[in-house]
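> Provided below are the primary sequence and the corresponding predicted coordinates.
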Amino acid sequence: MTSTWRRNLTNVSNLPDPLTSVHRYISNASEDVREMLEVIGVDSIDKLFETIPDEVKLTALLDIPGPWSEIESRRWFRELAAKNKSAADHVSFLGGGAYLHYQPACIDQLLLRGEFLTSYTPYQPEVSQGTLQTIFEYQTHQCLLTGLDVANASLYDGSTGLCEAVLLAERVVRNRKKVVIARSVHPQYTETVRTYVQNLGYEIVEVGWTADGRVDTAALREACTSDVFAVAVQSPNFLGVIEDYDAIREIADACGAVKIAVITEATSLGILTPPGAHGFDIAVGEGQAWGIPTQFGGPYVGFMVVKDALKRHMPGRLVGETVDVDGRRAYVLTLATREQHIRRGKATSNICTNEALIALGANMYLSLMGKEGLREVGEQCLQKTAYLRKKLNGAGSISLPFSGPVYNEIVVRTPFPATQILADLEHEKILGGIPLGPFYEGHDNDFLVAVTELHTRENLDHFVAALTAAISRERR
Amino acid sequence: MTSTWRRNLTNVSNLPDPLTSVHRYISNASEDVREMLEVIGVDSIDKLFETIPDEVKLTALLDIPGPWSEIESRRWFRELAAKNKSAADHVSFLGGGAYLHYQPACIDQLLLRGEFLTSYTPYQPEVSQGTLQTIFEYQTHQCLLTGLDVANASLYDGSTGLCEAVLLAERVVRNRKKVVIARSVHPQYTETVRTYVQNLGYEIVEVGWTADGRVDTAALREACTSDVFAVAVQSPNFLGVIEDYDAIREIADACGAVKIAVITEATSLGILTPPGAHGFDIAVGEGQAWGIPTQFGGPYVGFMVVKDALKRHMPGRLVGETVDVDGRRAYVLTLATREQHIRRGKATSNICTNEALIALGANMYLSLMGKEGLREVGEQCLQKTAYLRKKLNGAGSISLPFSGPVYNEIVVRTPFPATQILADLEHEKILGGIPLGPFYEGHDNDFLVAVTELHTRENLDHFVAALTAAISRERR
Amino acid sequence: MTTILESDAATTAVPQSTNREGLIFEHSKRGRRGYKLPDLDVPDDADALPASLRRGEIVDEVEVSEVDVIRHFTRLSKLNVSIDAGLYPLGSCTMKHNPRLNEELARTPGFALSHPLQPDHQVQGNLGLIWHIEQTLKEIFGLPRVTMQPVAGAHGELTGILMVHKALAKSGNARKYILIPDSAHGTNPASAAFAGYQIKELKSNSRGTVDIDTLAAAVTEDVAALMITVPNTLGVFETDIKRFAEILHDKGAYLYCDGANLNSFVGIARPGDMGIDVIHSNLHKTFSTPHGGGGPGAGPVGVSERLVPFLPTPTVEKREDGTFYLDHGHPDSIGRVRAFNGNFNVLVRALTYMRSMGPDGLRRIAHIAVLNANYIRARLRGSYHLPYDAPSLHEVVFSDKLQTPKDVHTLDIAKRLMDYGFHPPTIYFPLIVAGALMIEPTESEPKEELDAFCDAMIAIARECEERPELVRSAPHTTPVRRLDEARAARQPVLRWKR
Amino acid sequence: MTTILESDAATTAVPQSTNREGLIFEHSKRGRRGYKLPDLDVPDDADALPASLRRGEIVDEVEVSEVDVIRHFTRLSKLNVSIDAGLYPLGSCTMKHNPRLNEELARTPGFALSHPLQPDHQVQGNLGLIWHIEQTLKEIFGLPRVTMQPVAGAHGELTGILMVHKALAKSGNARKYILIPDSAHGTNPASAAFAGYQIKELKSNSRGTVDIDTLAAAVTEDVAALMITVPNTLGVFETDIKRFAEILHDKGAYLYCDGANLNSFVGIARPGDMGIDVIHSNLHKTFSTPHGGGGPGAGPVGVSERLVPFLPTPTVEKREDGTFYLDHGHPDSIGRVRAFNGNFNVLVRALTYMRSMGPDGLRRIAHIAVLNANYIRARLRGSYHLPYDAPSLHEVVFSDKLQTPKDVHTLDIAKRLMDYGFHPPTIYFPLIVAGALMIEPTESEPKEELDAFCDAMIAIARECEERPELVRSAPHTTPVRRLDEARAARQPVLRWKR
Ligand SMILES: Cc1ncc(COP(=O)(O)O)c(C=O)c1O
Ligand SMILES: Cc1ncc(COP(=O)(O)O)c(C=O)c1O
């Protein structure tokens, strides 16, 4: 099949008769088809396709597998899934922007309700109040958590969210072309920004970190020249270290840049002071940590929360409160003049379909956990990470290169290549971490370890034991 | 915990303060409790329990595990489930009244809709039309499949269904005390009947089978004396053999007994002539085969369908059609005067809670498969079983003791104890069958093998290969 | 979608389009398919089945697509009210929250795909689960053994009385009668009858409970047992329960407790400590397994030492080495009451719930269930007649006595509640209350929901005074309005016909 | 629960009790909990976090129980209409049946619990899945490569135009303009702009399509590409598409196809065979992944040979030995358009669907989708104005021209449809039709549903004549009635505040 995309259309047609075919997902059968053709006044389905020139019409069926029964699909897809190693059968310490947190049982079952699963963007508010009200609630959660004023209904994910934030900042500041992004921002996020802005004439300036793993404020001050329209930092950053928002804000303010805080571990907002409290203009990030499966990277949900002054520059959908003709409170998509379907080429973003169902799942998670639960998740991640950090610090030839404060992720260094060490842990049914080498030059012996409330003390102790054992094996 | 059921109630109470406790399944927290106590006009929750004498009140908390978070429960229960060997990780040929058939994906997701899952018996029809209409449809499916006139909403399962059928028959015939039950009826069903009728003064007469595995009609004729009120046979029977309904009907008619057909493999109704077509009065059985998980024996769903003349003797709920005050068609529980809540000690049955949700699943299955699918499932079971039967017949020292016609189950005999052979197959990840020894004297070398549409030809070939290999291993 | 329609056009539009869903059989259309199977991969053998045994097509069976099926059942579901959507105060039914974790874990493949006739060594997980839930119920009941085989309360009743019968028969005389208070649920006498007994009804006293003297007088040598609900169907606890036990035991009779109302005292007091010999518990009530539109359930039965030998077989036992097995060796057993192992996957849900609650949580169930019921009792007292004034626990029974003068009756009040968006309480039960309104909120309900319900009840009481016709003609806002139930029974139409 | 209410009492009862559900924040009550975590099993270290970094309590965050949460979202869900409940004919959105098997398989633990940064050897199943869906889309598109990274149609558009830009830039001149017909979807110009281009709009002709001459005249040396929807937003196929390609290619420009309407010709004809260089397909449309109230989706992009070097990195490649790997080595790539591997679990659903349909099934999608649309077109022709008479495929666009004389407009008709239980079509799009009613039924709909919809539309047309006020004031039967949208925009309230 691999290379059959080329097709010779001249051979005679060997297509089956449309009337004979039947499929479980398509109600109308031959009897219906006949009745309908009669009403339409044509004698065959093919007649309805005459506007498609024969020269481009297929004369044979596509060369793809199927149709499969559910029985066959279950066999094939489950076999495929069984080829993965995952947290299903390993203890995972993988993070780096995708975290395995507790997923309350009721959420997935509620998300399967057809009313949520099989409806679309609430263009018609009178028959979509369910979706609209949940988005309004979701927007409110975002504001409470980030300490900022206005949140949108969702963006694709954290990385494209950062792109939208950068574009927003440029619209606000105007006539500046430089954006400063900390090197400790998720490298794939920065890569994505490069892709997005490649034809817009921006310059991306990266700023490194100091021994504590925090942004190098001296370098940042230097980078923040008068032609910088935005400064973007991540906290906790890709090294797991929590940034000093205030120090960064001061520097950015000095050059009048928009201050963007990137958050890839959303549960950190339950316990860390939020960017809004430190005078940042935009909080943007990834909501996956709020109980969404890691599912190989998607679908996730990007969130963006901004100061009130920026709301009319906001990308994506916004839901607002209003009343109906009887004066009843109701919700509706609003400030649509920002959007592509009205503003077209001049829209604040090209986004249309977003990640609504994932945002709804996050919304349910935030409601279930609530004020106390969000704090406790944060506290448990913090404490279990602190416990592991202490244990590792002592252990053998393991070192922790960065001294700054952390939330639930740390960089671990051994005398040996991370990939070797991790391959070794894999035999112990441990997915031990993410090698930093591919992301940062000269860090081949470092890897990123994430801890959440799902890890037991036993998991952590076993990890340390397995790691030290792996190192001594390498020694030999 | 095992033996702490005895408790000394004299020691001083060490119970926690009711106000401090909080649980995720119980909304009202201390603030609510205080407000409500005030309205009630008492100053503590304990005051509400004063009618329970202190001499029986617990002075300590129960000695049981918990409370557990969902995280802890998932760990514990999944570990427990992992201790089972099952069709999840083995190829299963187990039947004997519980069959592994295709389960369409949409059914379980529809059954999780709160509107079905968390409602109760539709006592109030105006707010329960969903449940009522589905039961009416279910009753209709049962009638179409069995060729009889009136079906009920469900009974506990096939075995208790047979009990209800016997009790019904006695009510109809009156003043007779003998019931004839074929020995080839599921032995656990007959056991259950013995339990049910033990104090009612009935005599249960068992009738054996002949070489073909069918009911021994000579013995049956002998057994059918004038004091017999019912004759019950199963088809396909516990040996997998399809009975000759007509021959049995004739004999039963001769003594004026009620003719009861037991069906434990409901999918057989898709391809075999139904009991109604052969003049049987009652079809009773187990609906599990209609896409319900085997789940270690329950919950399943008993069905009962009877001739119109017997409908006022029917046990269990019946849904009927009527109209509302505006003349709109609607459905309602009817003929309630048969039931315990009206008739009390004189009711046709003591059943109240039944298996509604399982019946709904079966109803969805029957609708999805429909006229053609029910036939095809039957055809595939039939053909795959015929294929396996042929292959086994030749193979080595394997013999098939019964020559009668079968649907999807056969008795296999080897020169060695079935339990040994099956233990051997287990190593091949095959759950090879059910030993007959425990059910029938002198059948220690026999076991029951069930085949369904889920078995591939490869499964069947592998089974034969593994079985012959097992036998030759025993040889050594 | 609801609210008032301004015009008949709209009026007529809605019932057709949003309320009415035809029967699945009426959706059927020739040639439609809702399924697919893999192609047959073995030779098609024409002689696989003698022609005489092969049926023709299943006349009138449906032909629909998967889309048709999903639409059909989704639309029908919208015609139900349910616990997930709000208060469902059916008295005696304990309509509590059904946690979704229970559903998730019941679907664990190792449980769902295990087979009832597998040998013990292959199903150690299942046997362990049954053993663990028995241990937990032993502690909750304060009794030495519990059978997990019965699949509903009534099934448990039959099982329990059969054990009593066998025990008495073994000691020489099975006796004739079971005593049952007039407030009892219908399944009690029905079960006792099928177990081979005649019923003697006990009149309840002015508190709605059983008088010691009445009982003492009734307990003759012919009496096998007293079958009593604790607290009774009025929600009133039988304060003399321990004395009842003594009276019965002195006469060699047994005390059977219908545990349907366990929710009101779980973790507070234990049947065993009250001298109760047999109790069934509805796991679909106290232990949160979903009612599913009428079932499934489970009705495990706990027994005192004297009855242990008569438990149904097989029992689940634990070996020294920690492994489990099915024990069929109980010579005096009444036998099995169902094929296989009862409603196993209901037990998985119930044990999940017991673990989620824990000791303090179980006690809190009783605390808040009783608090909620008494809150309703306090708020509705003035508006509705309280036939029995005795303090009640988890449920409260009112009557329509204050409304009947206006010719408005319990049924009308129940139907009117639907217009306010609530499922009605249990009505006309217990039979000792004329026009009973039996309200059981359970511990699940938040105060706001109880207040909304009470506000509605009070508003209806006012409507009974001011606009009785409005109540008499209710409901007005349901998918269908009041039904002609007489017609349904007079000319029964019990199946669809072309 | 719906139908007419007979009295204000009932009237007022219903909105409160069954329609109105407060915000989750309004359910909040101090001390309530909806969760439990295991107790912390490591020492509690006070210095784990510097005090300055620790936030205080999250002011105003909710405190609710699990019961509160399930009730809340269950009740809110009932305020939505959805595909599972009936026709949802949003033109251009392809609201088709979403098979439940897709949901089941997407939840397979091996997929759901895999992590995006695992090394290739640990995720061979995932990489294999991405590879297989690319192969399948290559065959469907008739193009040599497809990137699975974009997560929506608009995301795919940006990706596609960025590739065109890079390709042209590489050959010396990125050029200035993208040509876009005036009938195009708003994301087209928006995406082109963010990719660095200016937009030149092409006027469509009387058939609603693009004239060859108009195109030929517009294609200058400054034109990078034509971005065109096939069939266009009127459902009309661009019969000259192959000539368009030639004209563009002659001038060194590219032909971009917005594949949102692929549902109308999948399995019938292939973009690659039409000379198309780039096409995105919305898997949440043609390939049945659920719309979820607005997303998620996926927007894979297929490209012709010339553009292959510019695909986003990484790509998934297959080795001789059958193993798969992520290939980052594409020097000319535009780079990655998203972190990680796109909406992987949307791809699982889409591939499941492709396998369920198979070659004949995919073709049948187009056949029946087009049949259904033309059936509606035939039935509604007399009642509504058809602004463009050209034969249309999977959707049909009417206007309110016949109704405006009565001062009834498209918006009114849309709202009135709700009273008949249907979700309205897409309205006021495409912009080239004044008062557009854009109807796309998809292949999922049974004839009965189409007939019910047409009957309703015809009844409304009659109402516009006879009772225009009734239509103008619609909807009358929805949980809320017409909203004050102006107010929402004038004084935006975008979050709850105490
Ligand atoms: C007091 C009482 N006893 C017995 C039963 C019968 O229990 P089940 O319906 O589980 O058979 C019920 C249930 O309605 C009940 O309320
Ligand atoms: C014609 C057309 N183009 C592009 C899009 C944008 O696709 P998406 O919403 O997936 O970003 C849509 C979807 O509404 C569309 O209908």
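Great, that's in hand. Quantities reported herein were computed from a predicted structural model and do not represent experimental measurements. Ligands and ions are numbered 1, 2, ... in the order given.
> ok, which residues in chain A are in contact with ligand 2?
Applying CB under 6 Å from any ligand atom, we find that chain A lies next to ligand 2 at A:352-353. Every residue, glycine included, has its C-beta placed from N, CA and C.
> any idea where the helices of the stretch 351-476 of chain A begin and end?
A:356-394, A:418-427, A:457-475 (DSSP state H, counting those that start in this stretch).
> Return the most buried member of the ones you listed.
Among the helices of the stretch 351-476 of chain A, helix A:356-394 has the highest mean neighbour count (mean count of other CB atoms under 10 Å in any protein chain shown), at a mean of 24.
> got the contact list for the residue of the stretch 151-300 of chain A found nearest ligand 2?
Going by CB to the nearest ligand atom, ligand 2 is nearest to A:Tyr156 of the stretch 151-300 of chain A, at 9.5 Å. By CB atoms under 8 Å, 6 or more residues apart in numbering or on different chains, the contact list for A:Tyr156 reads A:300, A:302, A:351, A:354-355, D:151-152, D:155, D:338.
> Could you identify the most distant pair in those residues?
Pairwise distances across the contacts of A:Tyr156 peak at 14.5 Å for A:Tyr300 and A:Ile351 (criterion: CB to CB).
> So the closest residue to A:Asp32 other than its chain neighbours versus chain B, what's the distance?
Among residues not flanking A:Asp32 along the chain, D:Lys447 sits closest, at 4.5 Å (CB to CB, 6 or more residues apart in numbering or on different chains). D:Lys447 is 18 Å from chain B, where distance means CB to the nearest CB, to the nearest Å.
> do the same with A:His427
21 Å.
> Name the residue in A:Tyr300 and A:Ile351 with the higher neighbour count.
Set A:Tyr300 next to A:Ile351 and count neighbours by other CB atoms under 10 Å in any protein chain shown: A:Tyr300 wins out with 33 against 29.
> Identify the residues contacting the more buried one.
With contact set as CB under 8 Å, 6+ apart, A:Tyr300 has these partners: A:98, A:156-158, A:286-288, A:292, A:355, A:358.
> residues of the helix-or-strand element of chain A with minimal mean pLDDT that come out buried?
When each helix and strand of chain A is scored by mean pLDDT, DSSP states H and E, helix A:340-343 comes last, with a mean of 85. Neighbour-count burial for helix A:340-343 flags A:340-341, A:343 (criterion: 16 or more other CB atoms under 10 Å in any protein chain shown).
> Smallest gap between the stretch 1-150 of chain A and chain C, at which residue?
Per CB to the nearest CB, A:Ala29 is where the stretch 1-150 of chain A lies closest to chain C, at 3.3 Å.
> got a list of what that residue touches?
A:22, C:29-33, C:63.
> Need the phi and psi values for it.
Dihedral angles of A:Ala29 (phi, psi; degrees, to the nearest 10) stand at phi -110, psi -180.
> same deal with A:Ala219?
When read as degrees, to the nearest 10, the backbone of A:Ala219 gives phi -60, psi -40.
> and the lengthiest helix in chain C, how far out from the chain's middle?
Scanning chain C for the longest helix, with DSSP state H as the assignment, gives helix C:344-380. Here helix C:344-380 is found 15 Å from its chain centre; the criterion is CA atoms, centre = their mean, to the nearest Å.
> In the stretch 251-400 of chain A, which residue sits closest to ligand 1?
Using CB to the nearest ligand atom, the single residue of the stretch 251-400 of chain A nearest to ligand 1 is A:Leu368, 31.1 Å away.
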